[in-house]
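[1] okay, predicted coordinates and the sequence, questions at the end:
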Amino acid sequence: MSKSSSPSSRKRGRRLRFATALLVLLSAVGYAAYHFLPGLTQSSGCTVRADNRELTLELPQAANASTIAAVATSRGLPERALAIALATSMQESGLQNLDHGDRDSRGLFQQRPSQGWGTAAQIMDPVHASNEFFNVLVKIKGYTRLPLTVAAQQVQKSGFPQAYAKHEADATLLASALGGRLSDALSCTAGAGAAPVTGGSTAAVRKLLSREFGSQVAPRTAAQVRTVAVPTALPAGSGTASQEQRRGWILAQWAVAHAQDLKVATVAYGNQQWSAVDSGGGWHKSDTRTSGNTASAAAGDVSITVAQ
């Protein structure tokens with residue numbers, strides 16, 4: 001015949017059951033938050049998703065990569081040129097604009113003032129550094145048909161020429177997004193708990209667009225004073241509709257990659273929109289989910305609205 005449990009053992013049993021129930025509840029809440037409220041759980045950074053592949057970048061890495069892409073676009077270079085440049089920067093600096101390196105190397109591509117890449121200050125300018133890289137790359141005969149490691153090495157003269165190969169898949173994916181071939185593939189978020197974005201300037205957006213894309217873009221302040229409209233139309237007869245759409249996604253994903261620095265509230269192109277306040281949700285149909293900051297743009301424009 002078994003003895004009845006003591007009061008103390010019954011209390012321990014109740015505490016154990018309560019703790020177990022609480023653990024199950026917290027697990028369920030965590031699962032729901034992770035799967036249904038990504039904006040509350042996602043850390044800061046950018047993600048490229050396409051073809052069942054995913055690449056994550058820190059915010060400065062994405063901004064630097066988009067600058068390299070803008071320079072490639074301004075020069076009319078093919079996607080392969082962008083992939084070579086991105087893979088090179090991934091290896092040399094991790095897509096970071098480093099102010100140090102081996103001997104006097106610095107910047108996105110670890111270029112050296114002593115080797116004729118420019119002054120130290122110039123090399124620290126991502127636009128200058130990117131142009132210098134492409135200046136050498138385009139002089140290599142048939143560079144688009146060369147193995148990526150060979151093309152990159154002919155520019156860089158690295159002591160580890162095969163190291164570029166390990167970045168080729170990621171660089172190719174990133175180039176297809178920032179080069180506009182993949183629409184709405186790149187999205188960025190400031191992460192959970194980030195302070196609301198304020199203090200944006202349309203003048204700052206226009207200045208950076210013009211500096212990185214050159215005369216190819218003609219940004220203007222839209223009727224809504226907090227919005228910069230960027231036409232994607234090419235000169236009459238010089239481009240197809242698909243080329244203009246690709247150009248639109250180059251500009252739109254550039255704006256998202258620079259959203260933190262430029263204090264961007266929303267980016268809209270076609271029927272797609274990215275919103276800083278809902279950045280964990282990525283791109284979505286602009287006619288079904290809006291943040292209240294969306295500004296109407298002319299057909300074909302990329303609409304970049306800054307935060308107040």
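    Here it is on my side, so go on. What you see is a predicted model; the values in this text were computed from it and never measured.
[2] okay, now the residue nearest to residue 146 when sequence neighbours are not counted: neighbour count?
    Beyond its immediate neighbours in the sequence, the residue positioned closest to residue 146 (CB to CB, 6 or more residues apart in numbering) is residue 140, lying 7.2 Å away. (C-beta placed from N, C-alpha, C; glycine too.) Counted with other CB atoms under 10 Å, the neighbours of residue 140 add up to 14.
[3] and for residue 241?
    The burial metric for residue 241, expressed as a neighbour count using other CB under 10 Å, is 9.
[4] mind picking out the helix or strand in the protein with the poorest mean pLDDT?
    Within the chain, confidence by mean pLDDT, DSSP states H and E is lowest for helix 38-41 among all helices and strands, at a mean of 46.
[5] and the helix or strand following that helix, which strands flank it?
    Per DSSP states H and E, the first helix or strand lying C-terminal to helix 38-41 is strand 45-50. Strand partners for strand 45-50, identified by DSSP bridges, are recorded as strand 53-57 (antiparallel), strand 186-189 (antiparallel).
[6] list the contacts of strand 45-50.
    54-59, 61-62, 173-174, 176-177, 182, 185-189, 191, 256-257, 282 (CB atoms under 8 Å, 6 or more residues apart in numbering).
[7] surely residue 64 meets residue 125?
    No: assessed by CB atoms under 8 Å, residue 64 is found out of contact with residue 125, at 11.5 Å.
[8] higher neighbour count, these two?
    In this view residue 64 and residue 125 are compared by other CB under 10 Å, and residue 64 has more residues nearby, 26 against 18.
[9] how much space is there between the more buried one and residue 226?
    From residue 64 over to residue 226 the distance is 26 Å, taken as CB to CB, to the nearest Å.
[10] same check, this time on residue 137
    Using CB to CB, residue 137 is found at 38 Å from residue 226.
[11] for residue 3, give me the pLDDT.
    Among the per-residue scores, residue 3 shows a pLDDT of 45.
[12] revised request: answer the last question for residue 103.
    pLDDT, read off for residue 103, is 92.
[13] give me the nearest residue to it, chain neighbours excluded.
    Of all residues not flanking residue 103 in the chain, residue 112 sits nearest, at 6.6 Å (CB to CB, 6+ apart).
[14] tell me how far stretch 155-169 is from the chain's mean position?
    22 Å (CA atoms, centre = their mean, to the nearest Å).
[15] distance between the ends of that stretch?
    20 Å (CA to CA, to the nearest Å).
[16] and what of stretch 218-232?
    By CA to CA, one end of stretch 218-232 lies 9 Å from the other end.
[17] ok, now stretch 97-106?
    Its start and end residues considered, stretch 97-106 measures 8 Å (CA to CA).
[18] same thing with stretch 170-184?
    Across its full length, stretch 170-184 reaches 17 Å end to end, with CA to CA as the criterion.
[19] ok, now which ones touch the residue nearest to residue 146?
    Applying CB under 8 Å, 6+ apart, the residues contacting residue 140 are 146, 151, 154-155.
[20] what about those residues, which one has the most neighbours?
    Each of these was scored for neighbours by other CB under 10 Å, and residue 151 scores highest at 24 neighbours.
[21] show me where the chain has strands.
    With DSSP state E as the criterion, the chain has strands at 45-50, 53-57, 186-189, 220-221, 227-230, 264-269, 272-275, 284-285, 302-306.
[22] which residues sit against the last one?
    By that I understand strand 302-306. Counting by CB under 8 Å, 6+ apart, the neighbours of strand 302-306 from elsewhere in the structure are 200-202, 204-205, 222, 224, 226-230, 232, 248, 251-252, 255, 262-269, 293-297.
[23] hey, least reliable of the strands of the chain by pLDDT?
    Set side by side, the strands of the chain differ in mean pLDDT, and strand 220-221 is lowest with a mean of 84.
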